[in-house]
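Student: Got a sequence here, can you build the structure:
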Amino acid sequence: MPDTFRLHVSPNGNDRWSGRLAKPNARGNDGPMATLEAARNALRKSPASIKKRIVVHSGEYFDVSLRLGPQDSGLTIEAAAGETPVIYGARRITNWKKSGPRFYAADLKGVTEGKWDFRHLLVNGVFAPRAILPARGHLSHENVWDVWVTADGDNSRWAREPTSHELTHMVFRKGDIPRSLDLRNAEFTVCHWSDDSIVKAQHIDWKTRTITFASPCLYPPGATQHMSERRNWYSIANVREGISEPGQWYLDRARGRLVYWPRKGEEMSSLEVIAPTVCSILRIAGHRAKPVHDVTVRGLSFRATTAKTESPRWGGWYMDGAVSVTGPAERIVLRDLSFEHIGGTAVTARRSVQKKYPKPDSGRQVSQLKVRNCRFTNCAGPAIYAWADQCHIDNNLIRNIGLDCIGAVAICVDGIGGRITHNEIETCPYVGIAVGGSGGQIEFNRIREYMLGGDDGGAIYLYGRSKRYRCRHNLVYANDTRNLAPALYCDEMSEGHLLEGNLVIGGHWVLHLHNCQRHVLRNNLLVTDKACKITFMRSRHNVFDKNVVVAGGDVVLHMIPGLSVDSMRHNIFHARKGDVQAAWLARYSYDPTHIEPLPVTQKNVIADPKLARRNPEACVFLAGSPARELGIKPFDASKAGRRRSRSKGRA
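Tutor: This is a model prediction of the structure:
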């Protein structure tokens, strides 16, 4: 008996065939199977001691929704060597009919009954824009919820909790909403701060101009008054009134049809329109005390999923993954995969039945997840959101994500002993890398164009209660388009992180420690041609040694005297056209009590460090630099980002 049971799947296969042949035989009575589901079912009948492998051949596979459980442990699903299979969680739409002078419509079975719903559409291989009001910018409502977040020691909270009425009612301005609006189709995006509410309307009172939402918003409309310019913004998607130009579409849930306005030159008979049918293409899920383990997926391309009509929460937490791992699960490997035009999150890992965000000390139930050498492009939500222990996110390319979620995080890992290494992140609306849990590593990552829409985040964000991460040798091209967007950010009640050897280029707010303690910041290079801000707000007992800060304008350090920093030694500060200053804070205040020149003590130096760049990402100190005497090491970030893939050929 062979030690590996291998089955082949191909678009020209047949689920009645054995699957043991890569191609149909000459008689046409045997060959590969047609679907992953049939191959999985066949392998489940094989002895548990035999290794199981599904080899997927080139072509397009539509309407795929595959679930793996504990009985599939030990399974490998991989692309055939040199081939590129594309797996869609969607189906083609072809039954178009003329609908009025400009539009075309296709009747879709199951939409009216709520059995099929989607919020994204691919037209000729790209996301088509959905109908939206207004066509540009945003609408503004009239709600005011002027309740501030109060600081009470180490906790931040609303001064009072919002009522149910405050969470479900919104007053709009006269003339903003047309009376013809069909509430069965309309989706309201109510803007907040770093996450938005997506809700449907239950009723509109036209006399009082009040919308009653069918479910509560995350926060009262109009909240975060003092924190965000977006506090009164909203928009309405998926309504006929929102189609303002060719190329747009909406799903008419009331009539069970898809409506599209063709662009100039488009012929509906030759147009490829693909509508998602599922949120998750592949689900890998354990069952209670029986984990799924040792599953490998590699070499496949996943495309076209959708997301539920609900608020995605912070970072995109509620969004389902195109590949979803649900605990208990161990040793799951996702390698050499491509995720493109995903309507939610590309990869998720979480506990079983985990809808609410878990408490910091709750078990993860997923361990040793590896996501390696993958590409994530044009995703509506996050790339990777993993609530897992000992996971490794390595050597991935993430570009242009969060297209439909302003709070989407490119990579979020919460767990014990996680490693996030050698990833490249470019163009995301919110945080580049966010971590919770403890004892992990964030090393050799390259991040640029982050925080393009959301507020209060950074390129690397170590959030509440995270502990003992090593954040080293990362390269950040800092974003200067948002005020609350520091490059490196340690947030509330985080403790014991090491930030070392990182290079930050550009921006104005390069480092922010907020309501946290006992972090070590050592041998980092922070370079900008603007004024530079470093903040230790409500933080205590930190170490800031052997760092080099170079700015085109003022360098200002915000600190609580005698509390924020226990050690500030052997640093070099250089303000080319400004001053180096200390802005002294009261313990729980953001506003300085007074500003003065930074006291030069403990061998800190205010001088030109005499930096020279061997290349844009490697810096040395010239002769006569004070850095040599202070023991500050040269900076070389050229190893940050992806390494060359060492993947070997596959069977």
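
Student: In three-state terms, label N41 for me.
Tutor: Put simply, N41 is helix when judged by DSSP: H, G, I helix; E, B strand; the rest coil.

Student: if I look at it, how far off is N12?
Tutor: Taking Cβ to Cβ, to the nearest Å as the measure, N41 falls 20 Å from N12. Every residue, glycine included, has its C-beta placed from N, CA and C.

Student: Same question for F339.
Tutor: Counting by Cβ to Cβ - F339 and N12 are separated by 25 Å.

Student: Helix or strand, whichever it is, which one in this protein has the lowest mean pLDDT?
Tutor: Lowest by mean pLDDT, DSSP states H and E among the helices and strands of the chain is strand 149-152, with a mean of 54.

Student: what residues go with each domain of this structure?
Tutor: The record's domain parsing of the chain by automatic domain parsing lists 1-55, 91-274.

Student: what's the straight distance from one end of the last one to the other?
Tutor: Start and end residues of domain 91-274 are separated by 5 Å (Cα to Cα, to the nearest Å).

Student: How far off centre is that domain?
Tutor: Going by Cα atoms, centre = their mean, to the nearest Å, the spacing between the C-alpha centre of domain 91-274 and its chain's C-alpha centre is 21 Å.

Student: for S338, which residues make a bridge with it?
Tutor: Bridge pairing for S338 (DSSP bridges) gives the partners S301, R375.

Student: Who are the contact partners of it?
Tutor: Contact partners of S338, counting by Cβ atoms under 8 Å, 6 or more residues apart in numbering, are L300, S301, F302, C374, R375, T377.

Student: with these in mind, which one is nearest to V126?
Tutor: Closest approach to V126 among these (Cβ to Cβ): T377, at 11.2 Å.

Student: Which secondary structure state is assigned to that closest one?
Tutor: Look at T377: counting by three-state DSSP, its state is strand.

Student: State the number of residues packed around it.
Tutor: Neighbourhood size, T377 [other Cβ atoms under 10 Å]: 18.

Student: That one reaches A346, doesn't it?
Tutor: No: T377 lies out of contact with A346 (Cβ atoms under 8 Å); the separation is 9.5 Å.

Student: okay, and the common contacts of these two?
Tutor: F339, I401.

Student: okay, F339 and N12: which has more neighbours?
Tutor: F339 (29 against 11).

Student: separation between that one and A459?
Tutor: From F339 across to A459, the span is 22 Å (Cβ to Cβ).

Student: repeat for E60
Tutor: As judged by Cβ to Cβ, E60 and A459 stand 36 Å apart.

Student: Test for you: state the pLDDT assigned to E161.
Tutor: Predicted confidence (pLDDT) for E161: 91.

Student: Where do the helices of the stretch 401-550 of the chain begin and end?
Tutor: Assigned helices in the stretch 401-550 of the chain: none (criterion: DSSP state H, counting those that start in this stretch).

Student: typo on my end, the chain
Tutor: In the chain, the helices defined using DSSP state H lie at 36-43, 164-168, 626-630.

Student: can I get these in TSV with mean neighbour count and distance to L498?
Tutor: Formatted as TSV, the helices of the chain follow (neighbours: other Cβ atoms under 10 Å; distance: least, Cβ to Cβ, whole Å):
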stretch	mean neighbour count	distance to L498
helix 36-43	20	44
helix 164-168	16	41
helix 626-630	18	19
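
Student: Nearest to Y385, out of these?
Tutor: Of the helices of the chain, nearest to Y385 by Cβ to Cβ is helix 36-43, at 23.9 Å.

Student: From Y219, how far off is the nearest residue to C217 once chain neighbours are set aside?
Tutor: Leaving aside its sequence neighbours, C217 sits nearest to S197 (Cβ to Cβ, 6 or more residues apart in numbering; 3.8 Å). From S197 across to Y219, the span is 7 Å (Cβ to Cβ).

Student: cool, R446 as well?
Tutor: 34 Å.

Student: Can you list the low-confidence ranges for the stretch 151-300 of the chain?
Tutor: 151-157, 225-228 (pLDDT under 70).

Student: repeat for the stretch 1-150 of the chain
Tutor: 1-2, 149-150.
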